[in-house]
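J.: Sequence and predicted model, in that order:
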Amino acid sequence: MSEVIIAKTADEAGAVVARRIADQIAASPSFVLGVATGSTPLTTYRALADLIRTESIAVDAVRAFALDEYVGLPAGHPEGYASVVAREVVRPLGLDPQLVRVPDGSAEADEASCADYEAAIREAGGVDLQLLGIGSTGHIGFNEPGSAFDSRTRVTELAESTRRDNARFFDSIDDVPTHAATQGIGTILEARQLVLLAFGENKAQAVARAVEGPVTEALPASALQLHPRATIVIDEAAASLLRNR
């Protein structure tokens, strides 16, 4: 059973996770952080930036690896995850951009570029703590339902529901890419710690199934039940359907 922390608000949840990350960076300056994008981890990044600044935590040796990247967006596109990570993680936290990697999202992204990304994670010593969000279908990263639990970084087609969910970041759903490069579930499970964040009633069903339902490839986030150090940090709304609070 994963550890479950229920916070009153998204800000409180972000503060809890930020404190955990900050303490580990302070203890191990070459910490390797797995970063997620979207709106869910923003409270964590903001709280972590405050801790780094107020406690003078050195981050010059911290490495970071992003979970995923859209395939086919023009270089520098504001909604490309390379841009999002630079804007929401690298600059606010003061990380060295040379130590931050995002999967190849060019039109040439292929099996070789995905293998290179896996190799870079291994060469860094693996991810110490991987942040995750959860989609309405229970996907983590861009691992859609049906993704194998031993899957590795790869280019995958996005489900229509995922494209609809992400259309809020674009002018229309027609602008949302149809493919993405994503760490596989097998890759994610190799991180030494997993922290999944979820907020709002619209995530309650996926959270309940991931935490208390069967472990099945039909619900990718249920793979966290297989990890020895997985923590689910949610607000009251996202916890509303849990049976064993």
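T.: All right, it came through fine. Residues are numbered from 1 along each chain as shown.
J.: mean confidence for the helix ranked longest in the chain?
T.: Looking across the chain with DSSP state H, the single longest helix is helix 10-27. When the per-residue pLDDT values of helix 10-27 are averaged, the result is 98.
J.: Distance from that helix to the middle of the chain?
T.: The offset between the C-alpha centroid of helix 10-27 and the centroid of the whole chain comes to 15 Å, using CA atoms, centre = their mean, to the nearest Å.
J.: Other residues contacting it?
T.: The contact list for helix 10-27 (CB atoms under 8 Å, 6 or more residues apart in numbering) reads 5, 7, 31, 33, 40-48, 50-52, 55, 57-59, 62, 128-129, 131, 195, 197, 199, 233-235. Glycine gets a C-beta too; all of them are placed from N, C-alpha and C.
J.: out of these, which are buried?
T.: Using 16 or more other CB atoms under 10 Å as the burial test, the contacts of helix 10-27 include 5, 7, 31, 33, 40-48, 51-52, 57, 59, 62, 128-129, 131, 195, 197, 199, 233-235 as buried.
J.: Now, those residues that are in strands?
T.: Among those, the members falling in strands (DSSP state E) are 5, 7, 33, 129, 131, 195, 197, 233, 234, 235.
J.: Now do the same contact list for the fifth one.
T.: It stands for residue 131. Residue 131 neighbours (CB under 8 Å, 6+ apart): 17, 33, 34, 35, 36, 41, 44, 195, 196, 197.
J.: Which members of those residues are the farthest-apart pair?
T.: 33 and 196 (14.8 Å; CB to CB).
J.: which outside residues touch the lowest-mean-pLDDT helix or strand in the chain?
T.: Each helix and strand of the chain was given a mean pLDDT (mean pLDDT, DSSP states H and E); the minimum falls on helix 160-166 at a mean of 90. For helix 160-166, the surrounding residues in contact (CB under 8 Å, 6+ apart) are 135, 136, 137, 139, 142, 144, 173, 176, 178.
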